[in-house]
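K.L.:
based on what follows, work out the 3D shape:
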Amino acid sequence: MKKAVAKKSRIGVMILSAVVSLHLAVIHEPGHAQAADAAPDLKLEVSSAILMDAATGQVLYENNADVALPPASMAKMMTEYLVLEEIQSGKLKWEDTVTTSQHAADTIGSGQLLALNETLSVRSMFEAMSIYSGNDASVALAEKVAGSEEQFAALMNETARKLGLSKDANFINSTGLSRIDMGKYAPKNLQGETMMSARDAATLAYHILHEHKEVLEFTKVPSKKLRESDKSPMINWNWMLEGNQNNPNFRQYVFQGLDGLKTGHTNEAGYCFTGTAERNGMRLISVVMGAKTEPKRFLETAKLLNYGFNTYEMKEIVKADAEVDALKTVEVKKAIHTDVPVVTESALSILVKKGVKDEEIVQVGEPAAEDVRVAPVSKGEVLGKLTVTYNNQTYDVNLVAKDDVKKAGWFKLTLRSIRHFFTNLF
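P.N.:
Numbers count the residues shown, from 1 in each chain. Presented below is the predicted three-dimensional model:
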């Protein structure tokens, strides 16, 4: 027994003299919800559809959402995304000029406004693509960015993987035209056809809205002249735009708060539409593919969006810099006072069904790893996380030190270690 006590005493002395190194705090990134809530049969007359919360990516409704289909001009969302990436990086400026090549001038389908060797600004070309769905403008921009449309399409495929689109998402051009419609300009080194699922289209829209929300300044425009000298303006193919409320031709399709995003139509694809609308601080993304008629794609979109806005609401779960009942304090080693108050690093609001009960939203607090919780600690340093679970989806918020936490002096640490030693011993 004496030998055992002596051995434990030596261990205690070693503990008292050990040097504990500080480690950087681990940052917990918020979770990204993806699964769909249980939803009624909306009896949509389309091949596939999906409804997504634009803030979190939470799927509110889906039907055949993972079936890869021809997206037609909805593929131009990727062209828009890549052009906006070039603008953001400074490699391209809105005032830069783009000259129409023979390929661009020859491109069939929507658009056909550009003449061979005509020069317009990047902004004008982008307007022709985003407002009028101009295939010619899309090709011209693709060539400006990548040198050729085929090289640009390869970049589209590379970006699709980066953004988390499905393995079936495939691009062969900047426009969404089929290979046969491209004629002699069909790519030689890219296989298949342009294909996307409804989920792919919604995911792409999600990234555009999060990273380049300025796209809405273009897509919300009901009509605009490409050149001041033009007799007629380009008419946006999106009949649902809120800006069309005074247009007698489109008034019956107008949806409050809708400001984008991209229509599409070919014989193979049918009528497609990726829409987005915002009401009361809540933005939704909808996708319908394979509608039989042009009006039908908008009527079915209205069903989707009405379901979302009528059924869900944005609920603030926690405020920023707030104490939470799930974890008010965490233990910090070597601190003067080991129980350290923590608060939320940021606010969290999630989309919930209207009338949800508080007990349906579960909050669990968890301290960070022990080697992170060592004094001194700066105010705002991550010491734990709050996990919020609703409808089988999880969302994380960092819990941070409310104030600076000073390291205790040597004498206090020594007394504390001795106390812990004898507490463990007996």
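K.L.:
wouldn't Val324 be in contact with Leu399 here?
P.N.:
Yes. Val324 lies in contact with Leu399 (Cβ atoms under 8 Å); the separation is 7.3 Å. Bear in mind the C-beta positions are built from the backbone N, C-alpha and C, glycine included.
K.L.:
more crowded one of the two?
P.N.:
Leu399 (29 against 19; other Cβ atoms under 10 Å).
K.L.:
ok, the more buried one - contacts?
P.N.:
When contacts are counted by Cβ atoms under 8 Å, 6 or more residues apart in numbering, Leu399 touches 324, 327, 330, 342-345, 365, 382-386.
K.L.:
which one of those residues is nearest Ala104?
P.N.:
Set against Ala104, the nearest of the contacts of Leu399 by Cβ to Cβ is Glu345 (48.3 Å).
K.L.:
circling back to that earlier point, what do Val324 and Leu399 both touch?
P.N.:
Val343, Thr344, Gly365, Leu386.
K.L.:
show me how far the helix or strand containing Ile50 is from its chain's centre.
P.N.:
Using DSSP states H and E, Ile50 sits within strand 48-53. From the chain centre to the centre of strand 48-53 is a distance of 14 Å (Cα atoms, centre = their mean, to the nearest Å).
K.L.:
which other helices and strands contact that strand?
P.N.:
Packing partners of strand 48-53 (3 or more Cβ pairs under 8 Å, 6 or more residues apart in numbering; DSSP states H and E): strand 59-63, helix 198-211, strand 282-291, helix 294-311.
K.L.:
pull out the buried residues from stretch 371-384.
P.N.:
Judged by neighbour count using 16 or more other Cβ atoms under 10 Å, the buried positions of stretch 371-384 are Val372, Arg373, Val374, Ala375, Val377, Gly380, Glu381, Val382, Leu383, Gly384.
K.L.:
hmm, which of the residues you listed is lowest in pLDDT?
P.N.:
Within the set of the buried residues of stretch 371-384, pLDDT is lowest for Ala375 (80).
K.L.:
what's the separation between that one and Asp404?
P.N.:
Using Cβ to Cβ, to the nearest Å, Ala375 is found at 10 Å from Asp404.
K.L.:
residue ranges with poor pLDDT in the protein?
P.N.:
Applying pLDDT under 70 to the chain picks out residues 1-39, 335, 408-426.
K.L.:
any chance you could map the strands in the stretch 51-200 of the chain?
P.N.:
Ranges of strands within the stretch 51-200 of the chain are 59-63, 97-99, 119-121, based on DSSP state E, counting those that start in this stretch.
K.L.:
possible to save the ones you listed as JSON lines with distance to Lys334?
P.N.:
Formatted as JSON lines, the strands of the stretch 51-200 of the chain follow (distance: least, Cβ to Cβ, whole Å):
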{"stretch": "strand 59-63", "distance to Lys334": "46"}
{"stretch": "strand 97-99", "distance to Lys334": "62"}
{"stretch": "strand 119-121", "distance to Lys334": "61"}
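K.L.:
nearest to Glu86, out of the ones you listed?
P.N.:
Counting by Cβ to Cβ, Glu86 lies closest to strand 97-99 out of the strands of the stretch 51-200 of the chain; the figure is 11.8 Å.
K.L.:
neighbouring strands for that closest one, and are they parallel or not?
P.N.:
strand 119-121 (antiparallel) (DSSP bridges).
K.L.:
which residues touch the strand it pairs with?
P.N.:
The contact list for strand 119-121, computed with Cβ under 8 Å, 6+ apart, reads Trp94, Glu95, Asp96, Thr97, Val98, Thr99, Thr100, Leu114, Ala128, Leu226, Arg227.
K.L.:
buried subset of the residues you listed as a ChimeraX selection?
P.N.:
Here is the ChimeraX selection string for the buried members of the contacts of strand 119-121, based on 16+ other Cβ under 10 Å:
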select :98,100,114,128,226
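K.L.:
nearest to Leu351 among the contacts of strand 119-121?
P.N.:
Checking the contacts of strand 119-121 one by one against Leu351 (Cβ to Cβ), the nearest turns out to be Trp94, at 34.2 Å.
K.L.:
ok, now how distant is that closest one from Pro295?
P.N.:
For Trp94, the distance to Pro295 equals 34 Å [Cβ to Cβ].
K.L.:
again, but for Val343
P.N.:
Val343 is 52 Å from Pro295, by Cβ to Cβ.
K.L.:
which one of these two has more residues nearby?
P.N.:
More crowded of Val343 and Pro295, by other Cβ under 10 Å: Val343, with 21 against 13.
K.L.:
circling back: would you tell me which one of the strands of the stretch 51-200 of the chain is buried the most?
P.N.:
strand 59-63 (a mean of 21; mean count of other Cβ atoms under 10 Å).
K.L.:
how about the strands in the stretch 301-426 of the chain?
P.N.:
Under the criterion DSSP E, counting those that start in this stretch, the stretch 301-426 of the chain contains strands at 312-318, 329-331, 339-344, 348-353, 362-367, 382-390, 393-401.
K.L.:
tabulate these (TSV), appending distance to Glu278.
P.N.:
Listed next are the strands of the stretch 301-426 of the chain as TSV, based on distance: least, Cβ to Cβ, whole Å:
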stretch	distance to Glu278
strand 312-318	11
strand 329-331	38
strand 339-344	25
strand 348-353	13
strand 362-367	28
strand 382-390	22
strand 393-401	21
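K.L.:
do you know which of these lies nearest Ser286?
P.N.:
strand 312-318 (13.0 Å).
K.L.:
buried residues, stretch 246-254. List them.
P.N.:
For stretch 246-254, a neighbour-count test (16+ other Cβ under 10 Å) marks Phe250, Tyr253, Val254 as buried.
K.L.:
ok, those vs Lys43, which is closest?
P.N.:
Lys43 lies nearest to Tyr253 out of these, by Cβ to Cβ, at 18.9 Å.
K.L.:
against Arg297, how distant is that closest one?
P.N.:
Applying Cβ to Cβ to Tyr253 and Arg297 gives a distance of 10 Å.
K.L.:
overlap of the contact sets of these two?
P.N.:
With Cβ under 8 Å, 6+ apart, Tyr253 and Arg297 have no common neighbours.
K.L.:
picking up where we left off before, can you check what angle separates the strand holding Ile50 from strand 348-353?
P.N.:
140 degrees (axes from the mean of the first three to the mean of the last three Cα atoms, to 10 degrees).
K.L.:
returning to what we had before: need the contacts of Leu399 in JSON lines (columns: distance to His212).
P.N.:
Listed next are these as JSON lines, based on distance: Cβ to Cβ, whole Å:
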{"residue": "Val324", "distance to His212": "34"}
{"residue": "Leu327", "distance to His212": "37"}
{"residue": "Val330", "distance to His212": "39"}
{"residue": "Val342", "distance to His212": "35"}
{"residue": "Val343", "distance to His212": "33"}
{"residue": "Thr344", "distance to His212": "29"}
{"residue": "Glu345", "distance to His212": "26"}
{"residue": "Gly365", "distance to His212": "35"}
{"residue": "Val382", "distance to His212": "29"}
{"residue": "Leu383", "distance to His212": "35"}
{"residue": "Gly384", "distance to His212": "34"}
{"residue": "Lys385", "distance to His212": "29"}
{"residue": "Leu386", "distance to His212": "30"}
